[in-house]
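Undergrad: Got a predicted model here, sequence first, then my questions.
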Amino acid sequence: MEKKEVEGARTGKMIVLNEGPKKLFVFGDSYADTGNNWPATNDSTSWSEPYGMTFPGKPSGRWSDGCVLTDYIASHLGIESPQAYELWKGGGEAQNPQNGMNFAYGGTGVFNTSVNGPNLTTQINSLQQLLEQNVYTKDDLSSSVALVSSVGNDYITYKLNHSDINILVTYTTKTRD
């Protein structure tokens, strides 16, 4: 249990016990991606205006002009949004991964989609590699939260590749399970 001293409204000081998660590990798609479409190229519009102008004030790889789900969850946990994995690996603005890691990649899904990016299995395997490299420990995992975002890219890809919409029920069951 971590004790943290903060300024109080009337009494001057108080002790806050911080027992919540210390790290956030994020997997999924554009609803959670905070910059994994790196390096920024002409094709990576998430690194161009107007994306990111409201938050964080410049294009940052988010598929939003403001916060994405990751930012809201991290704020609720009282931590900064975790580092985007592709940036951490050797691109752009690499930071200390103390708040966890974001593996989410816009346009991807549980299965392979039309976007050339890591599907959910590959994203989870990336975390496994970081554990094997001792970037994170089992203690880190026990004091963390995982966020998984899977919105609709699998369904869109399926519909583009199959004309029989009735088979989608079977596909939906596979995606869910």
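TA: Ah, there it is.
Undergrad: What ranges does this protein have for its strands?
TA: Listed in chain order, the strands of the chain (DSSP state E) span 2-7, 13-18, 23-28, 83-84, 100-102, 144-149.
Undergrad: what lines up beside the fourth one in the sheet?
TA: Partner strands and pairing direction for strand 83-84 (DSSP bridges) are strand 100-102 (parallel).
Undergrad: pLDDT (mean, whole number) over the strand it pairs with?
TA: For strand 100-102, mean pLDDT rounds to 97.
Undergrad: Need the contact partners of it.
TA: 23-26, 32-36, 70, 79, 81-85, 88, 127, 130, 136, 144 (Cβ atoms under 8 Å, 6 or more residues apart in numbering). To be clear about C-beta, it is placed using only N, CA and C from the backbone, and glycine gets the same treatment.
Undergrad: And stretch 71-86, by the same measure?
TA: 18, 20-26, 33-38, 55, 61-62, 67, 70, 94-97, 99-103, 105, 123, 126, 145, 147.
Undergrad: Quick one: neighbours of L147, just the number.
TA: 20 (other Cβ atoms under 10 Å).
Undergrad: which one is it nearest to, not counting chain neighbours?
TA: V26 (4.7 Å; Cβ to Cβ, 6 or more residues apart in numbering).
Undergrad: how far does the longest helix belonging to the chain sit from the chain's center?
TA: Longest helix in the chain, counting residues (DSSP state H): helix 120-132. In terms of Cα atoms, centre = their mean, to the nearest Å, the centre of helix 120-132 is found 13 Å from the chain centre.
Undergrad: buried set for it?
TA: Going by neighbour count (16 or more other Cβ atoms under 10 Å), the buried part of helix 120-132 is 120, 123, 126-127, 130.
Undergrad: model confidence over that helix, on average?
TA: 96.
Undergrad: And for stretch 144-153?
TA: Rounded mean pLDDT across stretch 144-153 is 92.
Undergrad: coming back round to it: in contact with the residue nearest to L147, which residues?
TA: Per Cβ under 8 Å, 6+ apart, neighbours of V26: 32, 34, 70, 82, 100-104, 146-147, 149.
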